[in-house]
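Engineer: What shape does this take:
(one chain, ligands or ions: 2)
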Amino acid sequence: MLITLEGLDGSGKTTAWRALRDRYPAAVFTREPTDSWYGEAVLRSVDDDDADPLAELFLYMADHADHLSRVIRPALADGSTVVSDRYSDSRIAYQAATLADSTLADPFEYVRSIHGPISRPPDATLYLDVDPETAAERSGRTNKFERVDHLRAVRAGYERLIDEHPDRFVRIDATRPQATVLDDVTAVVDRLLD
Ligand SMILES: Nc1ncnc2c1ncn2[C@@H]1O[C@H](COP(=O)(O)OP(=O)(O)OP(=O)(O)O)[C@@H](O)[C@H]1O
Ligand SMILES: Cc1cn([C@H]2C[C@H](O)[C@@H](COP(=O)(O)O)O2)c(=O)[nH]c1=O
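Structural biologist: Ligands and ions are numbered 1, 2, ... in the order given. Below is the predicted model:
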């Protein structure tokens, strides 16, 4: 089973991912951007305010393709549970926002469409829901994606994904205290793996 954690910057995904790693030591824990050289190239682009959004999308896609072949597919073929901190929905929500002013007629559909033939959809996605103001505050506004107006557009993309896949997404109110959020996260994953 492939479980993904999604949400705005600072929503608490990595905190939840670490709690799940302690609780399920036999599962495979991974993330996007990955720690490969493709992931390093992505981070260089994230730190470049002038990066071309389409070029950046394809860096993320290269990292995703490598992640699929090197980590995700082998782990699933072994029968392991895989938990990924960010995955394809991050691309659809974030790059649809960065490409909003591009020549693409419908960036959301375009980014989704390029995943179709190559990706492996998640079985379940925990969406840690915070408002853009809380997200920007918690993340410390350290990169170009952590600005309130951008996060508002990203959140709209996530809402569209949730509307389209109500059975896959589990929304968790992540504005509550950390312990309460983690209780909900572990209860959801316990139920999924039961
Ligand atoms: N429920 C919560 N209430 C208050 N603060 C929280 C909560 N969850 C996480 N935090 C804090 O918010 C900050 C960001 O958390 P975390 O790194 O887990 O978020 P993230 O979604 O992985 O962020 P990013 O996408 O930017 O990597 C950390 O300082 C963390 O301790
Ligand atoms: C996977 C992925 C990530 N992003 C953005 C979101 C963050 O601002 C940065 C780095 O991710 P992190 O979880 O905060 O370390 O990258 C994105 O725009 N598109 C993606 O596919």
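Engineer: so after the helix or strand bottoming out on mean pLDDT in the chain, what's the next helix or strand?
Structural biologist: Using mean pLDDT, DSSP states H and E, helix 132-139 stands out as the lowest-scoring helix or strand of the chain, at a mean of 95. On the C-terminal side of helix 132-139, the closest following helix or strand by DSSP states H and E is helix 148-164.
Engineer: Return the list of helices and strands in contact with that following helix.
Structural biologist: helix 88-98, helix 132-139, strand 169-173 (3 or more CB pairs under 8 Å, 6 or more residues apart in numbering; DSSP states H and E). C-beta here means a position set from N, CA and C on the backbone, and glycine is covered the same way.
Engineer: Is it in proximity to ligand 2?
Structural biologist: No: judged by CB under 6 Å from any ligand atom, helix 148-164 stays clear of ligand 2, getting no closer than 7.9 Å.
Engineer: what angle do that helix and helix 132-139 make?
Structural biologist: 110 degrees (axes from the mean of the first three to the mean of the last three CA atoms, to 10 degrees).
Engineer: Would you mind listing what in this structure touches ligand 2?
Structural biologist: Checking the chain against ligand 2 by CB under 6 Å from any ligand atom, the hits are Asp9, Glu32, Pro33, Val46, Tyr60, Arg86, Ser90, Arg91, Tyr94, Gln95, Asn143, Phe145.
Engineer: so which of those are also by ligand 1?
Structural biologist: Asp9.
Engineer: What does the pLDDT read for the residue most central in space within the chain?
Structural biologist: The centroid of the chain falls nearest to Arg86 when counting by CA atoms, centre = their mean (2.5 Å). Reported pLDDT at Arg86 in the predicted model: 98.
Engineer: Many thanks, have a good one.
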